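Student: sequence and predicted structure, then a few things I'm wondering about:
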Amino acid sequence: MASRRKFILNALTLTSAAAFTKVALPSEKISRRIENLSRSKTKITKPVVVSTWNFGMPANEAAWKVLSANGRCLDAVEKGVNVVEADPKINTVGYGGLPDRDGYVTLDACIMDEFGNAGSVAFLQDIVHASSVARKVMEKTPHVMLVGSGAQEFALANGFKKVNLLTKESKERWQKWLKQNNYTPMKIDEHNHDTIGMLALDSAGNIAGVCTTSGLAFKMHGRVADSAIIGAGLFSDNNVGAAAATGLGEAVIKTAGSHIVVEQMRLGKSPLEACKAAVNRIAEMQKNYKDFQVGYLALNKDGEIGAYAIQKGFQYAVYADGENKLIDSDYLIKG
């Protein structure tokens, strides 16, 4: 019996040693160290606000004023993107946005709060703050989405003012494009992106998000972006985290990209890993993925941040611990 017990103990020891040897392989050690380093660099004490692209910097400033006063995450993201929507110098969102191929500026936006409520507008014309109209849809109607003239009528009935969104500069660019491009939409890349997505974690530990755009420049009249679609351009779950997309909306819609990111975080992946999974899904499913840009930005309940894109050039802004930073995202296609 003693020798049998000794044999079993020796076998267990060898098994444990083998298992330890497998865990301690150098490549796996390095991978774990990189992952831990990524987590330590991106884990931030709440509140925190993140947003897409360099125009996220001034948007973050406005959102931070709300968050630093212990304000609600939903109020923060709305106030943040309102800054970009109202800036005529930014021609991919709101006032001053580049028009469709027929010369009309049409806006798409969606918003989600910490209770799982959602609102959206699509093909909205002559209203500057599409994100705020989306919030009204969420709070004042039994619906999630209003579109076109119905969305505009709703906005006007709720106190929004009618404004010509086509600025002189955007009109001139459209007229130039008409002569040169034969009705071909502008390519989505690092020089032409069409969305601000913003995610915020407030002092109470709640998460909300918003996504708003004037859409693909010189698109077909009636085209709707992923920014109007819950689960594509934006998705948020207060138990897990939130994600937003930017880039070619058609590619995001086909994969329900932001929903993938949040579900991957639900399964235990870090925000960076989750964004990578969503980008990889596009690469697996869409053969022409090298011809366009899509980027994802994610924030989880622990304050961890992650971003990943198809191509080089995607940037995101992070405001936390009293500091606003612009960060270059990692990306899939290298070399």
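Tutor: That came through fine. These numbers were taken from a predicted model, which means no experiment stands behind them. Numbering: from 1, shown residues only.
Student: what does stretch 54-74 rub up against?
Tutor: 47-51, 75-77, 79-84, 87, 90, 93, 111, 113-114, 135, 196, 198, 200-204, 206-208, 315-319, 322, 324, 326 (CB atoms under 8 Å, 6 or more residues apart in numbering). Every C-beta, even on glycine, is put in place using the N, C-alpha and C of the backbone.
Student: now do that stretch, average pLDDT.
Tutor: For stretch 54-74, mean pLDDT is 97.
Student: tell me the gap between it and the middle of its chain.
Tutor: 16 Å (CA atoms, centre = their mean, to the nearest Å).
Student: repeat for stretch 102-118
Tutor: Counting by CA atoms, centre = their mean, stretch 102-118 comes out at 13 Å from the chain centroid.
Student: what comes up buried for it?
Tutor: By 16 or more other CB atoms under 10 Å, the buried positions in stretch 102-118 come out as 105-114, 118.
Student: just the buried ones from the contacts of stretch 54-74?
Tutor: Buried, going by 16+ other CB under 10 Å: 47-51, 75-77, 79-84, 87, 90, 93, 111, 113-114, 135, 196, 198, 200-202, 206-208, 315-319, out of the contacts of stretch 54-74.
Student: mind checking which of the residues you listed are in strands?
Tutor: The members of the buried ones among the contacts of stretch 54-74 that map onto strands under DSSP state E are 48-51, 111, 196, 198, 200-201, 207-208, 315-319.
Student: contacting residues around A244?
Tutor: By CB under 8 Å, 6+ apart, the neighbours of A244 are 52, 195, 197-199, 209, 211, 233-234, 258, 296-298.
Student: quick check: it is in a strand.
Tutor: Yes - under DSSP: H, G, I helix; E, B strand; the rest coil, A244 falls within a strand.
Student: beta-bridge partners for it, please?
Tutor: A244 forms beta bridges with L234, L297, as assigned by DSSP bridges.
Student: where do the strands sit along this protein?
Tutor: 48-52, 107-112, 118-124, 145-147, 196-201, 207-213, 234-237, 241-247, 294-300, 305-309, 315-320, 323-328, 330-331.
Student: as JSON lines, these with distance to W174 would be great.
Tutor: Below are the strands of the chain laid out as JSON lines (distance: least, CB to CB, whole Å):
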{"stretch": "strand 48-52", "distance to W174": "24"}
{"stretch": "strand 107-112", "distance to W174": "16"}
{"stretch": "strand 118-124", "distance to W174": "18"}
{"stretch": "strand 145-147", "distance to W174": "23"}
{"stretch": "strand 196-201", "distance to W174": "21"}
{"stretch": "strand 207-213", "distance to W174": "17"}
{"stretch": "strand 234-237", "distance to W174": "28"}
{"stretch": "strand 241-247", "distance to W174": "21"}
{"stretch": "strand 294-300", "distance to W174": "25"}
{"stretch": "strand 305-309", "distance to W174": "27"}
{"stretch": "strand 315-320", "distance to W174": "26"}
{"stretch": "strand 323-328", "distance to W174": "29"}
{"stretch": "strand 330-331", "distance to W174": "30"}
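Student: I'm done for today, thanks for sticking with me.
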